[in-house]
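# Structure of the sequence below:
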Amino acid sequence: MTRPDSPSDDESPVTEGTPTAAAFADTILERMAQQDAVQKATNEQFTAIAAILAPLAGNSGDPASTV
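Next comes the predicted model:
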């Protein structure tokens, strides 16, 4: 396959924009690391919310909590 802007005797393959296997793997690993960081932050937030709500759940004798 020849490039349209090259002389017809040049048989170099078109490789522009085609990622190498190593670059592809690096991209995947980078995205996985980002997702892991977001998941850890989310878990920390859930833990904090659960710590705030836990005392409220144990206080069922409060008349204000009944409907």
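# from here on, contacts and neighbour counts on C-alpha atoms
OK.
# secondary structure class for G17?
Classification of G17 using DSSP: H, G, I helix; E, B strand; the rest coil returns coil.
# What about it, how many residues nearby?
As a burial measure, G17 scores 6 neighbours (other Cα atoms under 10 Å).
# same thing with the one 10 residues further on?
T27 has 13 neighbours, counted by other Cα under 10 Å.
# mind checking how far it is from Q35?
According to Cα to Cα, to the nearest Å, T27 and Q35 sit 12 Å apart.
# now do L29
Relative to Q35, and taking Cα to Cα, L29 is found at 10 Å.
# How about T47?
Remark: distance between T47 and Q35 (Cα to Cα) = 18 Å.
# what's the spacing between I49 and K40?
Between I49 and K40 the distance is 14 Å, computed by Cα to Cα.
# cool, A23 as well?
26 Å.
# And what about Q45, helix, strand or coil?
From three-state DSSP, the assignment for Q45 is helix.
# now the helices: where do they sit in this protein?
21-58 (DSSP state H).
# Quick check, pLDDT for R31.
In this model, R31 is scored at 98, pLDDT.
# A57 versus A23, what's the distance?
Taking Cα to Cα, one finds A23 at 50 Å from A57.
# Just give the number of residues close to Q39.
So Q39, with other Cα under 10 Å, has 12 neighbours.
# Show the contacting residues for V38.
With contact set as Cα atoms under 8 Å, 6 or more residues apart in numbering, V38 has no partners.
# quick one: it and I52, what's the gap?
For V38 relative to I52 (Cα to Cα), the value is 21 Å.
# so where is this protein shaky, pLDDT-wise?
Across the chain, residues meeting the criterion (pLDDT under 70) sit at 1-16, 59-67.
# Swap in 50 and give it another go.
For the chain, the stretches with pLDDT under 50 are 1.
# what residues are up against T47?
T47 neighbours (Cα under 8 Å, 6+ apart): none.
# how does it look with 10 Å?
A41, L53 (Cα atoms under 10 Å, 6 or more residues apart in numbering).
# ditto for the one 5 residues further on
By Cα under 10 Å, 6+ apart, the residues touching I52 are F46.
# Alright, I will stop here.
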